[in-house]
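Enquirer: what's the 3D shape of this:
(chains A and B)
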Amino acid sequence: EAGVAQSPRYKIIEKRQSVAFWCNPISGHATLYWYQQILGQGPKLLIQFQNNGVVDDSQLPKDRFSAERLKGVDSTLKIQPAKLEDSAVYLCASSLVLDLLRYEQYFGPGTRLTVT
Amino acid sequence: GQSLEQPSEVTAVEGAIVQINCTYQTSGFYGLSWYQQHDGGAPTFLSYNGLDGLEETGRFSSFLSRSDSYGYLLLQELQMKDSASYFCAVYHGGATNKLIFGTGTLLAVQP
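Expert: Coordinates of the predicted model:
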């Protein structure tokens, strides 16, 4: 089965520019997550979708970050305008809850963003 | 609030056994997960404990004690390829269905 796909893998932009990341989850996975991982830290959840609805966006800086998941499949995350502190790896993950004794998230390769 | 604590770094030699501990404070706890992440790579699933006790998968085992809000990952017969960061993560199930990750433990396996 194909894994979670993300693009681009790397992006370098100047501060105040905009950038967009794309994610295609594993087929059939209803839940999609976007994480921000700063060097040396654990992944931080930015936004969670269930099908095409937002479940949790409490840690998304909504003044500059936006995300959508049209048709409940692939998703885009946008930053506009970017700041230096947005330099991080942006990870997309998807999950399928089988039962309470088994839970796993599947991660894409991530997009490494450098803001200069 | 929610918090997870794990050691920042651990060093061990090939062939040895290492234990990475994780303590947590959270509400809505369903289970504890462990993920491995090599430098420049994506996190990959290692284990999930939904019940108290020990789960074993090959060289890796994971333990959970809900009463102590504590878990650990045990890696046996260490290999050089086990050098990576290891994250514990609390699973919030039900309507929430999300993971909250710790800050990670960097494991260095030496020859």
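Enquirer: and the residue of chain B found nearest chain A, how many residues sit next to it?
Expert: Ranked by CB to the nearest CB, the top residue of chain B for proximity to chain A is B:Phe101, at 3.6 Å. Bear in mind the C-beta positions are built from the backbone N, C-alpha and C, glycine included. A count of nearby residues for B:Phe101, using other CB atoms under 10 Å in any protein chain shown, gives 20.
Enquirer: wait, what's in contact with A:Leu45?
Expert: Contact partners of A:Leu45, counting by CB atoms under 8 Å, 6 or more residues apart in numbering or on different chains, are A:Tyr33, A:Trp34, A:Tyr35, A:Asp56, A:Gln59, B:Lys98, B:Leu99, B:Ile100.
Enquirer: check whether the helix or strand bottoming out on mean pLDDT in chain A contacts chain B.
Expert: When the helices and strands of chain A are scored by mean pLDDT, DSSP states H and E, strand A:53-56 comes last with a mean of 93. Yes. Strand A:53-56 reaches chain B (CB under 8 Å from any CB of the partner chain) through A:Val55, A:Asp56.
Enquirer: Who are the packing partners of that strand?
Expert: Judged by 3 or more CB pairs under 8 Å, 6 or more residues apart in numbering or on different chains; DSSP states H and E, the packing partners of strand A:53-56 are strand A:44-50.
Enquirer: If we ignore the residues flanking it in sequence, what's nearest the residue nearest the centre of chain A?
Expert: Nearest to the mean C-alpha position of chain A, by CA atoms, centre = their mean, lies A:Trp34 at 2.5 Å. Nearest non-adjacent residue to A:Trp34, counting by CB to CB, 6 or more residues apart in numbering or on different chains: A:Leu46, 4.6 Å away.
Enquirer: and the gap between the one you found and A:Gly28?
Expert: For A:Leu46, the distance to A:Gly28 (CB to CB, to the nearest Å) stands at 23 Å.
Enquirer: I'd assumed B:Ser67 was in a strand, is it?
Expert: No. Read with DSSP: H, G, I helix; E, B strand; the rest coil, B:Ser67 is coil and lies in no strand.
Enquirer: which residues touch it?
Expert: B:Asp52.
Enquirer: State the phi and psi torsions of it.
Expert: phi -70, psi -30 (degrees, to the nearest 10).
Enquirer: any idea of the pLDDT on it?
Expert: You'll see B:Ser67 listed with a pLDDT of 95.
Enquirer: Could you do B:Thr103 as well?
Expert: Confidence for B:Thr103, expressed as pLDDT, is 95.
Enquirer: What's the local residue count around it?
Expert: Neighbour tally, B:Thr103, other CB under 10 Å: 16.
Enquirer: Could you grab the helix/strand/coil label for it?
Expert: Classification of B:Thr103 using three-state DSSP returns coil.
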